[in-house]
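Colleague: Let's see this in three dimensions:
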Amino acid sequence: MRWGIEGESKNSLENLLNTIKKVKKKGAKSIGIASNPSHLDRYEDILKQAKKEGIVDKNFKIYRIETDESFADKFYGAISRLFYRYKLSSGLDEAKKRKTPSWLKKLANFGYKLIGKK
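Modeller: Below is the predicted model:
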């Protein structure tokens, strides 16, 4: 079964949690997500925490549909994943409250643009 893009979210955390909520209502036990490997790694970190907190069934699965990833994407993804791990360290409710600091966004975007130009 296929659903459209979840359009209510502002970040990966909200996107995955809102998507899981929608597919749970339909009785789905898995979803396929197409994105670059670094982004999919963050989704798996979020899913792991959701399983730990009992929000999602332990058998729920994400099928990775990997797209190409540039070195710039890997750089941005590494910074984002570190921040997501920090956000998730206090649980999903706290993670939802923690905003990405503007300096971190600027650093990640600066590095992405710098590396991406080569």
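Colleague: So what sits opposite Trp64 in the bridge?
Modeller: One correction, residue 64 is Arg, not Trp. Legend: beta-bridge partners of Arg64 under DSSP bridges are Ile33.
Colleague: Am I right that it is in contact with Leu40?
Modeller: Yes - with contacts counted by C-beta atoms under 8 Å, Arg64 reaches Leu40, the gap being 4.9 Å. In short, each C-beta sits where N, CA and C put it, glycine included.
Colleague: where does the chain have low pLDDT?
Modeller: Scanning the chain with the threshold set as pLDDT under 70 gives 1-6, 117-118.
Colleague: Where is the longest helix in it?
Modeller: In the chain, taking DSSP state H as the definition, the longest helix is helix 71-88.
Colleague: Name the residues that touch that helix?
Modeller: Helix 71-88 is contacted from outside by 12-13, 36-39, 41-42, 45-46, 49, 69, 94-95, 98, 100, 104, 107-109, 111-113, 115-116, using C-beta atoms under 8 Å, 6 or more residues apart in numbering.
Colleague: Apply 6 Å and report the result again.
Modeller: 36, 38, 41-42, 45, 49, 95, 98, 108, 111-112, 115-116 (C-beta atoms under 6 Å, 6 or more residues apart in numbering).
Colleague: Strands - which of those residues land there?
Modeller: Among these, DSSP state E puts none in strands.
Colleague: Next, give me the two most distant ones among those residues.
Modeller: The span of the contacts of helix 71-88, defined through C-beta to C-beta, is set by Gln49 and Gly116 at 30.0 Å.
Colleague: Those two: which has the busier surroundings?
Modeller: Higher neighbour count among Gln49 and Gly116: Gln49, with 21 against 13, using other C-beta atoms under 10 Å.
Colleague: ok, the more buried one - contacts?
Modeller: Contacts of Gln49 by C-beta under 6 Å, 6+ apart are Leu88, Leu92.
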